[in-house]
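K.L.:
can you look at this prediction? I've put the sequence above it.
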Amino acid sequence: MKEIILCKYGEITLKGLNKSSFESVLVKNVRRRLKRFGSFDCHHSQSTLYVTPLEDDIDMDEIVEELKQVFGIVKICKAIKLDKSLDAILTQSIDYISEELEDAKTFKVEAKRADKTFPYKSPEICAELGHSILCAYPDLKVDIKNPDLTISVEIREKNAFVNAQKIDGAGGLPVSTSGRGMLLLSGGIDSPVAGYMMAKRGVTVQAIHFEAPPYTSERARLKVEKLAEEISRYCGDIAFHCVPFTDIQVAIKDNCAEEYFTIIMRRIMVEIAQRISEKEDCNCLITGESMGQVASQTMNALVCTDAACRIPVMRPCIGLDKTEIIDIARKIGTFDTSILPYEDCCTVFTPKHPKIKPKLEDVEREQASFDFEPMISQAIEQTSFRLIRCGESTVNL
Ligand code: ATP
Ligand code: MG
């Protein structure tokens with residue numbers, strides 16, 4: 001019995017002339033992902049991606065779990081691959097779906113003929129297979145509207161496929177079809193979610209983290225690396241940059257009015273992030289900011305931050321409530337790491353009364369009271385780098 005996996009893609013099917021470029025990126029991403037599980041044939045045809053194992057001892061459930069993290073795939077179905085004959089469908093598929101049939105009380109069969117030359121029409125295929133199932137499982141009932149189990153038969157170019165399970169995929173667009181973005185990754189809840197959301201729309205995500213030792217600890221940085229490892233399950237490989245930020249923060253504290261500390265710090269973060277983005281060919285910055293969440297995320301504060309930036313800043317969490325961000329963090333498995341109690345450089349030297357509605361000219365004047373440029377160049381020179389491989393898990397906290 002030959003079991004294979006069919007992956008259906010959603011939005012890609014709506015693409016016009018460039019559809020095939022999305023498809024080939026998806027196939028490449030899937031191939032790269034599955035390499036460590038053994039050898040597979042992966043190819044696409046008629047808006048479906050076929051994943052066929054070429055070795056016998058491959059655990060197909062493990063492969064399904066892996067594919068659930070690949071953006072661009074909407075549904076995943078384990079299916080049996082059959083000769084293209086009604087006889088094969090009737091005699092072999094019932095055995096294949098016996099477990100599901102035993103668990104169900106009601107079912108329906110649906111059939112799709114991509115190959116219109118197949119001698120039986122879809123309703124005939126449904127009726128024949130339905131009849132065979134009822135003979136084998138007399139207690140089962142047909143329910144067209146709301147069945148416990150839907151069995152799909154697809155007649156394609158070379159083979160027929162039968163499956164009884166459709167599992168939700170990650171949706172979105174294949175990573176690396178939408179350019180590159182630099183994610184400002186803190187140890188909080190919001191920024192890992194922001195990275196996930198942009199990767200979901202096809203963006204290749206790199207990450208940059210600012211640390212302030214000794215005010216922030218080694219464990220605080222490791223926590224952020226762990227978060228990057230966790231989102232890499234969805235994002236793929238992540239280039240991780242870590243910027244030493246202590247001297248700049250101390251200089252801000254010593255030279256600028258307290259109420260502007262945070263906003264100036266954020267403008268310098270953005271300045272450094274965009275310079276590294278230029279070197280890395282990233283087209284935008286990505287942050288976990290959400291409108292009005294804290295003083296540095298009011299409309300006025302965001303305007304002041306953006307004024308320091310020459311490339312777009314994407315903020316996919318901007319319209320989400322904290323509870324909605326938390327729901328996503330739980331779903332993607334970053335929440336438990338995010339709430340570990342390690343300090344962030346943003347919480348060092350926080351002003352008691354930050355300006356809620358800073359004016360750009362005031363912020364610029366305050367920032368101009370000290371020449372940060374040499375420190376910015378030095379921080380960039382001293383930035384460390386690690387390539388996080390997709391799904392890697394090295395950090396234990
Ligand atoms: P998060 O939960 O993502 O930490 P937050 O609600 O704590 O966000 P802030 O601390 O104001 O908000 O940070 C806003 C955004 O700035 C973060 O979402 C992140 O993108 C970026 N950021 C904050 N601190 C750092 C840091 N140490 N390194 C890199 N980026 C950071
Ligand atoms: Mg934070």
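P.N.:
Sure thing, it's come through. Numbers count the residues shown, from 1 in each chain. Ligands and ions are numbered 1, 2, ... in the order given.
K.L.:
the closest residue to ligand 1 within the stretch 251-397 of the chain: what's it in contact with?
P.N.:
Closest contact between the stretch 251-397 of the chain and ligand 1, by C-beta to the nearest ligand atom, is at Gly288 (2.6 Å). Glycine gets a C-beta too; all of them are placed from N, C-alpha and C. Applying C-beta atoms under 8 Å, 6 or more residues apart in numbering to Gly288 gives the contacts 184, 186, 188-194, 315, 317, 325.
K.L.:
what backbone torsions are found at it?
P.N.:
The phi/psi pair for Gly288 (degrees, to the nearest 10) reads phi -100, psi 20.
K.L.:
what's the neighbour count on the nearest residue to it once chain neighbours are set aside?
P.N.:
Excluding its sequence neighbours, the residue lying closest to Gly288 (C-beta to C-beta, 6 or more residues apart in numbering) is Asp190, at 3.0 Å. The tally of other residues near Asp190 (other C-beta atoms under 10 Å) stands at 24.
K.L.:
repeat that for Glu11.
P.N.:
Neighbour tally, Glu11, other C-beta under 10 Å: 14.
K.L.:
again, but for Glu381
P.N.:
By other C-beta under 10 Å, the residues close to Glu381 number 8.
K.L.:
near ligand 2, which residues of the chain show up?
P.N.:
Proximity of the chain to ligand 2, by C-beta under 5 Å from the ion, involves residues 186, 188, 344.
K.L.:
and the closest residue to Thr246 other than its chain neighbours, how far is that from Lys253?
P.N.:
Distances taken as C-beta to C-beta, 6+ apart place Ala212 nearest to Thr246, at 4.4 Å, with adjacent residues excluded. As for Ala212, its distance to Lys253 is 11 Å (criterion: C-beta to C-beta, to the nearest Å).
K.L.:
how about the residue in the chain that ligand 1 sits nearest to, secondary structure?
P.N.:
Proximity of the chain to ligand 1 (C-beta to the nearest ligand atom) peaks at Gly188, 2.1 Å away. Look at Gly188: counting by DSSP: H, G, I helix; E, B strand; the rest coil, its state is coil.
K.L.:
low-confidence stretches in the stretch 201-350 of the chain?
P.N.:
For the stretch 201-350 of the chain, no stretch has pLDDT under 70.
K.L.:
how about the residues of it by ligand 1?
P.N.:
Residues of the stretch 201-350 of the chain found near ligand 1 (C-beta under 6 Å from any ligand atom) are 208-210, 287-289, 293-294, 296, 344-346.
K.L.:
now a PyMOL select for only the buried ones of the residues you listed.
P.N.:
Buried subset of those, written as a PyMOL selection, criterion 16 or more other C-beta atoms under 10 Å:
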select buried, resi 208+209+210+287+288+289+293+296+344+345+346
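K.L.:
looking at the residues of the stretch 201-350 of the chain next to ligand 1, which are in strands?
P.N.:
Judged by DSSP state E, those include 208-210 as members of strands.
K.L.:
now, among the residues you listed, which is nearest to Gly236?
P.N.:
Ile208 (17.0 Å; C-beta to C-beta).
K.L.:
ok, Val224 touching His209?
P.N.:
Yes - the pair Val224 and His209 passes the contact test of C-beta atoms under 8 Å, sitting 4.8 Å apart.
K.L.:
overlap in contacts of these two?
P.N.:
185-186.
K.L.:
distance of Glu218 relative to Ala212?
P.N.:
12 Å.
K.L.:
swap in Lys19?
P.N.:
Taking C-beta to C-beta, one finds Lys19 at 47 Å from Ala212.
K.L.:
name the residue in these two with the higher neighbour count.
P.N.:
Taking neighbours as other C-beta under 10 Å, Lys19 and Ala212 compare with Ala212 leading, 24 against 15.
K.L.:
report pLDDT for Gly16.
P.N.:
The score at Gly16 is 80. That number is its pLDDT.
K.L.:
name the element it belongs to?
P.N.:
For Gly16, there is no enclosing helix or strand under DSSP states H and E.
K.L.:
what's the burial count for it?
P.N.:
With other C-beta under 10 Å as criterion, Gly16 counts 5.
K.L.:
show me what contacts the single nearest residue of the chain relative to ligand 2?
P.N.:
The chain approaches ligand 2 most closely through Gly188 (3.4 Å), counting by C-beta to the ion. Contacts for Gly188 (C-beta under 8 Å, 6+ apart) come out as 288, 338, 344.
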